[in-house]
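K.L.:
can you look at this prediction? I've put the sequence above it.
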Amino acid sequence: MRDLNHVMVIGRLTRDAELKYTANGQAVCRFSIAVNRNKKIGDQWEDEANFFDIVVWGRQGQNLENIMKYLIKGKQIGIDGELRQDRWVQDGQNRSKIEIIANNFQFLGTSGNSAGGPPNPGPAGGISNPGSSYGRPERRSESYAEKGPPPREREPSGAPSSDGFADDIPF
């Protein structure tokens, strides 16, 4: 069996995206997102934010330059990608950083800004990574934002689901 490195997150941009170019002209877009989760503390539920750095690679700015105006602070976005860990030594100390390399992303919801939403950038309404430094082919996936999640078949109420657990677990 092969190893698997796949991550899907939905969050909001914590700052406007930055677009830069490598020496060979390849575009690289960087931004961060905050992903909230509910955490029970005592009898109360509280939000806890997790922050992730996102990197999107492109070929000579293809698609990235056109969507930069929509990658603004507060915009909700869904990311489909993989984790990459960079390691280095700084001042004699080992350092590392984990980033999400986006293969696809989808604009979701609104940020409350007057910038509006992006034009429909492709058949699935999402943005596929136009190329990456790892040579993977372009991929397009259908988004939940357009079609909604696939229907889930459920067992009759009160009966355990096919995995042996009741559907109405109280946590």
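P.N.:
Good, I have the coordinates. Numbering: from 1, shown residues only.
K.L.:
for Val56, list the residues it contacts.
P.N.:
Remark: with contacts taken as C-beta atoms under 8 Å, 6 or more residues apart in numbering, Val56 is in contact with Val28, Cys29, Arg30, Leu64, Ile101, Ala102, Phe105, Asn129. C-betas here are computed from N, CA, C, even on glycine.
K.L.:
of those residues, which belong to strands?
P.N.:
Using DSSP state E, the members of the contacts of Val56 that fall within strands are Val28, Cys29, Arg30, Ile101, Ala102, Phe105.
K.L.:
those residues: which two are farthest apart?
P.N.:
Val28 and Phe105 (14.3 Å; C-beta to C-beta).
K.L.:
which one of those two has more residues nearby?
P.N.:
Remark: of Val28 and Phe105, Phe105 carries more neighbours, 25 against 17, as counted by other C-beta atoms under 10 Å.
K.L.:
tell me where the protein has strands.
P.N.:
According to DSSP E, the chain carries its strands in the segments 7-13, 18-21, 27-41, 44-58, 76-90, 93-108, 127-128.
K.L.:
could I get the average pLDDT for the shortest one?
P.N.:
Per-residue pLDDT over strand 127-128 has a mean of 52.
K.L.:
what does the third one give?
P.N.:
Mean per-residue pLDDT for strand 27-41: 92.
K.L.:
equivalent analysis for the first one, please.
P.N.:
The pLDDT scores in strand 7-13 average 96.
K.L.:
quick check: neighbours of that strand in the sheet, parallel or antiparallel?
P.N.:
For strand 7-13, sheet partners with direction are given as strand 27-41 (antiparallel), strand 76-90 (antiparallel), following DSSP bridges.
K.L.:
can you show me the CA trace of the last one as CSV?
P.N.:
Put plainly, it is strand 76-90. Coordinates of each C-alpha in strand 76-90 appear next as CSV, following Å, rounded to 0.1, in the frame of the first residue of the first chain:
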residue,chain,number,x,y,z
GLN,A,76,-14.0,32.0,2.4
ILE,A,77,-12.2,29.3,0.4
GLY,A,78,-12.0,25.6,0.1
ILE,A,79,-8.5,24.0,-0.5
ASP,A,80,-7.7,20.6,-1.8
GLY,A,81,-4.0,19.8,-1.6
GLU,A,82,-1.2,18.1,0.1
LEU,A,83,1.2,18.9,3.0
ARG,A,84,4.8,19.8,2.5
GLN,A,85,7.4,20.1,5.2
ASP,A,86,10.4,22.4,4.7
ARG,A,87,13.4,21.9,7.0
TRP,A,88,16.4,24.1,7.4
VAL,A,89,19.0,25.2,10.0
GLN,A,90,19.0,28.7,11.3
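K.L.:
sweet, I'm off.
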